[in-house]
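Visitor: task: produce atomic coordinates for the following.
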Amino acid sequence: MKKIGIITFHNVQNAGAMLQAFALKKYLETKGYEVYFIDYIQKKLLERNAIYRNPFRRAISNYRHNKNPITFLKIVIHGIITNMFFLRRLSVQKIFDEFRQKNFKIMALELIASTHFYALIAGSDQIWNSNLIGGSLDPIYFLSFSDINALKISYAASAGGLLSEKDLLVLPDLLKNLDYISVREKELAEQISPFTDKPVYTVLDPTLLLKKEEWLPLINKKFTHDPYIFLYVLEENRLLYKTVEYLSKKYKLKIVELGFKKRTSSTLVKHYDPFDFLSIIQNADYIVTNSFHGAVFSIVFEKQFIIIPHSTRNTRLENLLKSVDLLDRVIHEDSNLDMLGDISHFSEIKNKLNVLKESSENYLKMSLKHDKD
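Guide: Numbering: from 1, shown residues only. Next up is the predicted model:
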C-alpha cells in the first residue's frame, strides 16, 4: 500500500481544522492509500494555540505594526480573560488529543526522510497565511524537503486572503518545491499563477470531498434535545449575538453555543470533540456563525443558516457561497432579517457542489497518477 504524508494544521484545538484533516485522510484511504500526518508543529502557531498565553506578547507585536494603544489594551484584556479559562482549555485539549490518537496516524517530522512516501501533500487549511505563523511563509508548508523523492502536492492550501508583498518576494522559490499546485480560493490562484510555470488549480475544501452520507455515521446522539439554534463564534461580533437572539425569539428556539463563556441566553457546551461539533450542526434547526466550516457543514447537512462576515477572513467563505448561489445568507448591520427567506434549493446546491467535487477529485487523481521521476 502506497504511503501519503500530509502536512497541515492537524494539531490545533479547532473543530474545522480537525475535520478538514480527517476528510482528506478519509478520502485518500478510500482510494487505497495509507495516510500519515507529519507531526510538524509550527512555533508561532503553537503559541497561538497554547493553553496559557502571555497576554502581552501578541499585544506588543500588534502595537509594533499598528501603533494603536486602544487595540493594545483590548488585546491584553482579552488575553487575561482567556487565561481565566485555563482548566477548561486544558480539558478541551485533552479531548482533541484523544481524537487525534484515535483517528490519525502521526509520524514525527524527523522520520519522513527514512520513510518511503509515494507522495507528500501540503494542505488544506490556512497553511500559507503568514499572519498565523509568525509573519513569514514557512518552507515546510511548501514541502521543501530536498532529500525526499516523493510527489509533492498542495491541496486546497489557503492564505486566508491574498499574500502580502513580503510573501510574494519568496513565493517563486517556494513554489518550485511543488510538483502540483492547488489552492482553495480563486483570488489566491490568480495571484500566485504569475509566480510559477505550473498551472494553479482551485479546489474544494477537503470536507466537501465527502458526501453527507459519509459524515452521518459519525454523528452522535448527545444533542437531540429540544429544538435549538446553534451559535458558533470564531470572532466576537455584536451583530452575531443580536441576530441569534432575534431568531431565537422569532422561531421560539433555544440557543446552543460552543466555548468557554456565554455570550447570549444560551446553553453552553464547554467540552466537545470534532464529531460533537458535527452532531450539534446536524441536530440544529438553524445555525448562525462567522466560521467557514460552520457554513460548510450547514450546507452539507442542508440546514438553514446565516453568516455574519468575519473582519478579515471572508474570501474563502464568499467563494463557497457564491459557487452555490448562497451569498444572500451573509447579513450586515443594515440587513432586514424579516425579508430573508429559507433556503429551498438544496438539490440545486448539491448538484453544483458535485460538479466542483468532480473537478477537485480529478485534480487529486491527476496529481497522484505518476511516480516521481
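Visitor: mind jotting down where the strands sit in the protein?
Guide: Taking DSSP state E as the test, the strands found in the chain are 3-7, 34-39, 106-108, 119-122, 151-154, 181-183, 200-202, 228-232, 254-258, 266-269, 286-289, 304-307.
Visitor: comparing the ones you listed, which yields the minimum mean pLDDT?
Guide: The weakest mean pLDDT among the strands of the chain belongs to strand 266-269, with a mean of 85.
Visitor: what bridges to Tyr286?
Guide: For Tyr286, the beta-bridge partners are Ile229, Gln304 (DSSP bridges).
Visitor: how many neighbouring residues does it have?
Guide: 22 (other CB atoms under 10 Å). Glycine gets a C-beta too; all of them are placed from N, C-alpha and C.
Visitor: ok, it touching Lys303?
Guide: Yes. Counting by CB atoms under 8 Å, Tyr286 touches Lys303, with 7.1 Å between them.
Visitor: biggest helix in this protein by residues?
Guide: helix 346-367 (DSSP state H).
Visitor: I'd like the average pLDDT over it.
Guide: 97.
Visitor: adjust the sequence numbering to begin at 400 for everything that follows.
Guide: Sure, I'll start numbering at 400, so the last one becomes helix 745-766.
Visitor: what comes up buried for that helix?
Guide: Of all the residues in helix 745-766, those buried under the rule 16 or more other CB atoms under 10 Å are 748-749, 752, 755-756, 759, 762-763, 766.
Visitor: now, the most widely separated pair of those?
Guide: Ile748 and Ser766 (27.1 Å; CB to CB).
Visitor: so where do the helices sit in this structure?
Guide: For the chain, applying DSSP H gives helices covering 414-429, 442-447, 456-465, 468-482, 485-502, 564-574, 585-591, 611-614, 637-650, 673-682, 691-699, 714-722, 745-766.
Visitor: relative to helix 414-429, how tilted is the last one?
Guide: Meaning helix 745-766. With axes from the mean of the first three to the mean of the last three CA atoms, to 10 degrees as the basis, helix 745-766 and helix 414-429 are set at 60 degrees to each other.
Visitor: contacts for the longest helix of the chain?
Guide: With CB atoms under 8 Å, 6 or more residues apart in numbering as the test, helix 745-766 has contacts from 426-427, 430, 518, 550, 552, 554-555, 578-579, 581, 600, 602-603, 607-608, 698, 701, 722-725, 742.
Visitor: good, we can wrap up now.
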